[in-house]
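K.L.:
Pasting the sequence and the predicted model now:
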Amino acid sequence: MGWILSKLIGIYTLIVVANVILSWLVHIGNPNMTIRRFYWTTEQLVGPLLDPIRQLLRPLMGNVPFDISPIVLILLLTVLQNFVNAAF
């Protein structure tokens with residue numbers, strides 16, 4: 001059971017990384033609709049977890065133009081995955 005949960009967390013982490021890369025491609029003006037659809041799909045999957053992190057970080061970051069919420073989420077997912085691996 002634990003290894004399944006660990007693998008799911010790993011897959012979700014890869015989706016977060018894909019979302020970051022796709023967001024760069026979309027925001028540099030890539031007109032490819034396939035890339036935009038993949039970005040929209042990954043955003044639907046990771047957005048609900050990134051939004052609260054963004055709200056917590058916004059006062060701390062001020063006007064910094066970087067969104068570090070995916071890094072924070074990946075760190076939290078890694079901690080959770082290590083906990084699951086150790087517990088099971």
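P.N.:
On my side now, so go ahead.
K.L.:
Would you map the strands across the protein?
P.N.:
Assigned by DSSP state E, the chain shows no strands.
K.L.:
residues touching the residue most central in space within it, list them.
P.N.:
Among the residues of the chain, the one closest to the centroid is V16, at 2.9 Å (Cα atoms, centre = their mean). Contact partners of V16, counting by Cβ atoms under 8 Å, 6 or more residues apart in numbering, are 46, 50, 70, 73-74, 77. Heads up, the C-betas are built off the backbone N, CA and C, glycines and all.
K.L.:
And for E43?
P.N.:
So E43 contacts 19, 23 (Cβ under 8 Å, 6+ apart).
K.L.:
so how many other residues sit close to the closest residue to T42 other than its chain neighbours?
P.N.:
Closest residue in space to T42, ignoring its immediate chain neighbours: N19 at 3.9 Å, by Cβ to Cβ, 6 or more residues apart in numbering. By other Cβ atoms under 10 Å, the residues close to N19 number 22.
K.L.:
any idea how far N19 lies from L77?
P.N.:
13 Å (Cβ to Cβ, to the nearest Å).
K.L.:
what's the pLDDT at the residue nearest to the centre of the chain?
P.N.:
Looking at V16, its pLDDT reads 98.
K.L.:
do the same with the one 5 residues further on
P.N.:
The predicted local confidence for I21 comes out at a pLDDT of 95.
K.L.:
Count the neighbours of it for me.
P.N.:
13.
K.L.:
any idea how far F38 is from it?
P.N.:
According to Cβ to Cβ, I21 stands 10 Å off from F38.
K.L.:
cool, and I53?
P.N.:
I53 is 22 Å from F38, by Cβ to Cβ.
K.L.:
Name the residues of stretch 75-86 that come out as buried.
P.N.:
Applying a neighbour-count criterion of 16 or more other Cβ atoms under 10 Å, one finds 77, 81, 84 buried in stretch 75-86.
K.L.:
The first one reaches S6, doesn't it?
P.N.:
No - L77 sits out of contact with S6 when judged by Cβ atoms under 8 Å, with a separation of 10.6 Å.
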